[in-house]
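Q: Starting from these lines, generate the structure:
(4 chains)
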Amino acid sequence: MIKKVLVANRGEIAVRIIRSCREMGLKSVAVYSDADRSSMHVRYADEAWRLGPAPSTESYLNIDKIIQVAKESKADAIHPGYGFLSENTEFANRIREAGLIFIGPSAEAITAMGDKMTAREMMKKAGVPIVPGTDQLPESEDEIKALARKIGYPVMLKASAGGGGKGMRLVKTEKELLPSLLRARSEARNAFGNEAVYMEKYLLEPHHIEFQIMADNHGNVVHLFERECSVQRRHQKVIEETPSPFITEEIRAAMAEQAIAAAKSVNYSGAGTVEFLVDKDRNFYFLEMNTRLQVEHPITERVTGIDLVKAQIKVASGEVLAFKQEDIAQRGHAIEARIYAEDPANNFIPSPGLIRHITQPLGLGVRTDGYAYEGYEIPVYYDPLISKLIVWAPTRAEAIKRMKRALYEYKITGVKTNIPFVQRIMEAEAFVKGNYNTHFIDDNLEQLLQPETENTQYEDIAMIMAYLDFQNRQHKRMDFGQKAGNQSNWKNFGRLFRHNPY
Amino acid sequence: MIKKVLVANRGEIAVRIIRSCREMGLKSVAVYSDADRSSMHVRYADEAWRLGPAPSTESYLNIDKIIQVAKESKADAIHPGYGFLSENTEFANRIREAGLIFIGPSAEAITAMGDKMTAREMMKKAGVPIVPGTDQLPESEDEIKALARKIGYPVMLKASAGGGGKGMRLVKTEKELLPSLLRARSEARNAFGNEAVYMEKYLLEPHHIEFQIMADNHGNVVHLFERECSVQRRHQKVIEETPSPFITEEIRAAMAEQAIAAAKSVNYSGAGTVEFLVDKDRNFYFLEMNTRLQVEHPITERVTGIDLVKAQIKVASGEVLAFKQEDIAQRGHAIEARIYAEDPANNFIPSPGLIRHITQPLGLGVRTDGYAYEGYEIPVYYDPLISKLIVWAPTRAEAIKRMKRALYEYKITGVKTNIPFVQRIMEAEAFVKGNYNTHFIDDNLEQLLQPETENTQYEDIAMIMAYLDFQNRQHKRMDFGQKAGNQSNWKNFGRLFRHNPY
Amino acid sequence: MKMLVKSGKQEKAVKILKKEGDLFTIMVGDRTYELDIVKVEEGVYSILHQGESINMEMIGSDQPGNYKVNTLYQSYNIDVVPALNLAGNGRAKKDSHQRIKAPMSGKIVKLKVKEGDAVEEGTPLVVLSAMKMENEICSEGKGVVSKIAIKEDDLVKDGQLMIDIKA
Amino acid sequence: MKMLVKSGKQEKAVKILKKEGDLFTIMVGDRTYELDIVKVEEGVYSILHQGESINMEMIGSDQPGNYKVNTLYQSYNIDVVPALNLAGNGRAKKDSHQRIKAPMSGKIVKLKVKEGDAVEEGTPLVVLSAMKMENEICSEGKGVVSKIAIKEDDLVKDGQLMIDIKA
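A: So this is what the prediction gives:
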């Protein structure tokens, strides 16, 4: 039924979605901003259409233009990816009004779950446990302070329309409350066009564990097990794994049941994720439901063998789910590392720029979902995610070792990345033992940022290499000046660096 | 117990073995010929030691030198990979005499199975069905002709010490017999240092189906199911898949039983492969046993989840197999395509040379085992295998589509490759239906070599691009001559091709 | 200088009608294309044509103006040549020599003819070993070996002249 | 000209004692190394040292002789400088100016000071947005804003001077 899919996104997720379209024999339409003309999703799709200037508000968030392109290109369905318009009710509605298929749940489900406060209310009614907290915060600063005192510090500020850590702030003392609120509102406004913020109790030693849901339009809802996402920095996930090393079989079953109940309460359709916070005593609370594909969906794909994008497209076409709950099993262990263009040594500031060299890790049990290539300039306008590195192995211990091996192979030059930081996480005792919660990075930051112990020999050799390269260049330059004379000299020298197979 | 592994091989298999060593925390020692100083296995290993000049006889086949390097580098085990010395009894013996561990079976098992004629004798005794054929061929040309007539054409010439299609020739008529024998002997001598050749009946519409065996030193022997390897060109495998679309569950069980019987008859230890020919009526015959890791082992790894190199190393360390027969299942479907540096349009002649550009396929369900990188010059001395592309999906139909998607992403420039040819195989009706035997490539060669139907538009655009590039270069060159004058002109033009993200 | 572009038997004139930024309006033969052309990697171009995303890879050769242009499955051998040269172009076709070039890089393991030998179509000339395979190279026609430019054990490069045969 | 090589606080003389093919015997400071050095990719070298396989990636900067050299986990910032220059080298250290440079490429969303303003350690100066995150950049010390080289909505490049503060 669906023949041509417009992917209203960019970066790795656009490429990933187009991959599945290609495997299904569907035509794909990429859209791009001026900053993305040479981006991989444009090169990889069957068609590519311009949206507008670089800022997302004028391109990837421009509903009118996206629908216009869908019509001109004769696409019959739109996949929103994650971020951007993926949880925007108006977008879903406008697509359906235009006679096109939105690859996602109903606008009602998005509205219900998209507004975190409404979602809390609904879960309360459905009997799903929720974290103690407030409705939308009032204007009065005194009232806000009173609410925070009542809940008790630390508290969490969250964008009502939020997701992905944007507009989220942890507040530990009253002094930080108002400045953090301003920042949260500003980020929420920029990211979602909605500055409503609410407040929740901050749980102790919490785990962030989520369940993948898949539902069709015929009343079938299944879960595809959990993802443990507690390795976070500033509420931004860095490492995800499945199964969770923390929960027991009983808790897993109870959470799965509640996740399905949550999805059913909004007549959910398509792929969705029910996020829970789990405290140190394994009490779990509904946190939010993301009504879209999740960044970390590949680890679920790896342990279940199900291609979630294909499943989404089939559900949107009206098909019945191809698998029943009893068909779905978690096999082995998968870990995902998000590779960001950022500088961990310098407070993790983003590091956009030109990719001078990239070597992807390959081989047994390794999957890379990325979009960067040699010579690509990562723009400053969008997310710093370069790629996702996913490994699988029969056991968690082996998966960690495989991840270390893959990170060893992963070379990206030109921009700074968090690869060495992720490597350190894989070596950290708490992570290796599976004994960590959302404070893991903060608690271990010093160790995670520590450089390798000094190696005089490597430093000496690095100095030698700099010297040789410098000399090599000097001699070359000299030769440009004096033609005949020194020529043989530097050429000889130059040749020392080139390998001749004959 | 094993702490440092010397890998007595090169190319993709050396890299693949070192990957598993790295994941196990073992140090790796690469060895290299002069043609391979800049090869990936040298760069990827912890240590790298020179063996000698480019020709294999002076490097990768130089037993003395390899053992000397093992001692100097303090390696305690040697992994032979496939090809080269992997099935050389003397090598296995010399390693053990030097007090080192050979990661492979006993010298006796290699001898028994390595000599194809001895192996046939043993299987006859063990009750495993074998293909009608001869012992080592006599010197007399008349006698050879008589033997061939007795078996009946077509017959197959095979190197007694052979493997991997080297020294193998199909002979359809008496006229071809002696020239083919000369060629087979020459190839056998060069590849294995042994020119003994024997003759077998050539079966009708045969399938080449093999079983992966894993055995430890404590009497445990398991099989890891079959691989269908009937897509061959000149007895060189091109595509392998598992499960086989041809055999039934009953035949699979019967073949597995015989494969285990074959391995037990030589007290086998480590990873091995029992190859069968299966005729159109699903009668199966023992063909040979390869006493080493097989090129196509990754598809077995993918459907069973077992890392065969790690399993080999553990067995060599004296460990008991970590899995029992009932733990091993075939899940989903895996296909491997061998990517060769060769020119299908020009009689498949090898195409060594400089890799100017390479883009590896990535994403869900794709594994690449290769060793080439941008700027690497594939030497003329060794095998033309660049990499192996392995895909997995829940079903065979989806795996084929995924393979097509991965091939679409796979770009290698500078040398000619068989990527378009493999793409065509994935589209061929007989392959898609799973209805093919070892004649598949010959029977479909014309279709498999046919170029895409003409696309005037693409040709026009290609002409435009050549024109623009040419003009661009011309203007650049002019500018070198006349400094100031035309400068802005070509610079402007040059800039048209560069994307500026700001 | 006016240039023509050749691809196989086709010969067309190319004319840039307009360019604004990355957008080109170009006429090739009697057809006009509006193309959005961006160089994305060395020798790799992303081209948008009426929405369609086309990737082309250009490989220059030693000969100026000669390109191999790869699209997804197709590979075009294209020459950009001065318009003048085309008329009187009679190269190679009527050559009475058969120039045997190495079809791949490799090593000469056997030389089967010597200068002055008469050969037929199919007469084996040399055995070239590359990547572990021995490849016999045969004469494509009748003639006399006029020159042998290699000897046994030589390493040859793809395209290197090995033997000249006079018809 | 005699050159010295600096890495962090280290300063060493490098001397090539011998080279044969890819094999170098080189003295750095008072240690001698025998290295087999091959360039394998642009800016990437494979080095063998007593059997150990070491990969180094060299990234040159705009400043001649300045390199970032990456090994597996370590990154060295190395300068090759004329021996003469080192003695009287007193740059930067005693500078009484605080030069606030953009720590990343991005967009100035808010400018929080103006020329002439007095600032303390921790005074917010600008808010820089990059990759969807807002980053507040603060003064590292006390002083007076002597120059502002940017304005709101400007796109800045990593390392670009934004504000000059006089102590």
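
Q: Now the residue positioned nearest the centre of chain C: closest residue in space that isn't a chain neighbour?
A: Nearest to the mean C-alpha position of chain C, by CA atoms, centre = their mean, lies residue C:77 at 6.3 Å. Excluding its sequence neighbours, the residue lying closest to residue C:77 (CB to CB, 6 or more residues apart in numbering or on different chains) is residue C:68, at 5.8 Å. In this view, the C-beta of every residue, glycine as well, is placed from N, C-alpha and C.

Q: How about the secondary structure of that neighbour?
A: When classified by DSSP: H, G, I helix; E, B strand; the rest coil, residue C:68 comes out as strand.

Q: Hmm, residue C:61 and it touching each other?
A: Yes: with contact defined as CB atoms under 8 Å, residue C:68 reaches residue C:61; the gap is 7.1 Å.

Q: Of the two, give the one with the bigger neighbour count.
A: residue C:68 (16 against 11; other CB atoms under 10 Å in any protein chain shown).

Q: For that one, give me its contacts.
A: Listed by CB atoms under 8 Å, 6 or more residues apart in numbering or on different chains, the contact set of residue C:68 reads C:58, C:59, C:61, C:75, C:76, C:77, C:78.

Q: from those residues, which would you call buried?
A: Among the contacts of residue C:68, those classed as buried by 16 or more other CB atoms under 10 Å in any protein chain shown are C:58, C:75, C:76, C:78.

Q: in the sheet, who's paired with the third one?
A: Listed beta-bridge partners, residue C:76: residue C:69 (assigned using DSSP bridges).

Q: Return the distance of it relative to chain D.
A: Between residue C:76 and chain D the computed distance is 28 Å (CB to the nearest CB, to the nearest Å).

Q: Confirm for me that that residue is in contact with residue B:464.
A: No: using CB under 8 Å, residue C:76 is not in contact with residue B:464, being 11.2 Å away.

Q: which parts of the stretch 1-150 of chain A sit against chain C?
A: A:29-30, A:37-38, A:42-49, A:72-73 (CB under 8 Å from any CB of the partner chain).

Q: Am I right that residue C:38 is in a strand?
A: Yes: under three-state DSSP, residue C:38 falls within a strand.

Q: just checking, it touches residue C:21?
A: No: with contacts counted by CB under 8 Å, residue C:38 stays clear of residue C:21, the gap being 9.9 Å.

Q: neighbour count winner among the two?
A: Counted by other CB under 10 Å, residue C:38 and residue C:21 do not tie: residue C:38 has more neighbours, with 19 against 11.

Q: Select from the residues of the stretch 1-150 of chain A next to chain C the one having the most neighbours.
A: Most crowded among the residues of the stretch 1-150 of chain A next to chain C, counting by other CB under 10 Å, is residue A:30 at 30 neighbours.

Q: does chain D sit close to the helix or strand encompassing it?
A: Secondary structure from DSSP states H and E places residue A:30 in strand A:27-33. No: counting by CB under 8 Å from any CB, chain D is not contacted by strand A:27-33; separation bottoms out at 13.8 Å.

Q: just checking, what packs against the following helix or strand past that strand?
A: Once strand A:27-33 ends, the next helix or strand along the chain (criterion: DSSP H and E) is helix A:40-44. If you count contacts as 3 or more CB pairs under 8 Å, 6 or more residues apart in numbering or on different chains; DSSP states H and E, helix A:40-44 packs onto helix A:11-24, strand A:27-33, strand C:44-49, strand C:52-60.

Q: for those, which one sits closest to chain B?
A: For chain B, the closest of the helices and strands packed on helix A:40-44 is helix A:11-24, at 4.6 Å, according to CB to the nearest CB.

Q: so the spatially closest residue to residue C:127 that is not a sequence neighbour, which of the three states?
A: Excluding its sequence neighbours, the residue lying closest to residue C:127 (CB to CB, 6+ apart) is residue C:110, at 4.0 Å. At residue C:110 the chain is in strand, as set by three-state DSSP.

Q: residues in contact with residue C:110?
A: Residue C:110 makes contact with C:126, C:127, C:152 under the criterion CB under 8 Å, 6+ apart.

Q: now, which of those residues sits nearest residue C:142?
A: Proximity of those to residue C:142 (CB to CB) peaks at residue C:126, which lies at 17.8 Å.

Q: Tell me the bridge partners for that closest one.
A: Counting by DSSP bridges, residue C:126 is bridged to residue C:111, residue C:137.

Q: Likewise for the one 4 residues further on?
A: Per DSSP bridges, residues listed as beta-bridge partners of residue C:130: residue C:133.

Q: hang on, isn't it packed against residue C:108?
A: No: under the criterion of CB under 8 Å, residue C:130 makes no contact with residue C:108, lying 10.4 Å away.

Q: More neighbours: these two, which one.
A: The neighbour count for residue C:130 versus residue C:108, taken as other CB under 10 Å, is higher for residue C:130 (28 against 19).

Q: Residue A:441 falls within a strand, correct?
A: No: membership of residue A:441 in a strand is not supported by three-state DSSP, which gives helix.

Q: how many neighbours does it have?
A: Applying other CB under 10 Å, we find 21 residues neighbouring residue A:441.

Q: Correct me if wrong: residue A:462 contacts residue D:79.
A: No: assessed by CB under 8 Å, residue A:462 is found out of contact with residue D:79, at 11.8 Å.

Q: Looking at these two, which is more packed in?
A: Neighbour totals were compared for residue A:462 and residue D:79, and residue A:462 leads with 28 against 21 (other CB under 10 Å).

Q: Is the helix or strand containing the more buried one positioned near chain D?
A: Per DSSP H and E, residue A:462 falls inside helix A:456-482. Yes: legend: contact between helix A:456-482 and chain D by CB under 8 Å from any CB is shown at A:457-471, A:473.

Q: Can you tell me the centre-most residue of chain A?
A: In chain A, the residue lying closest to the centroid (CA atoms, centre = their mean) is residue A:295, at 3.7 Å.

Q: if you skip the residues just before and after it, what's nearest to it?
A: Closest residue to residue A:295 apart from its sequence neighbours, by CB to CB, 6+ apart: residue A:82 at 5.9 Å.

Q: List the contacts of the one you found.
A: Going by CB under 8 Å, 6+ apart, residue A:82 touches A:9, A:13, A:164, A:290, A:292, A:293, A:294, A:295.

Q: likewise residue A:200?
A: Neighbouring residues of residue A:200 by CB under 8 Å, 6+ apart: A:131, A:132, A:133, A:134, A:151, A:155, A:156, A:158.

Q: isn't the first one right up against residue A:278?
A: No: in this structure, residue A:131 sits apart from residue A:278 without contact. The criterion is CB under 8 Å, and the distance is 11.0 Å.
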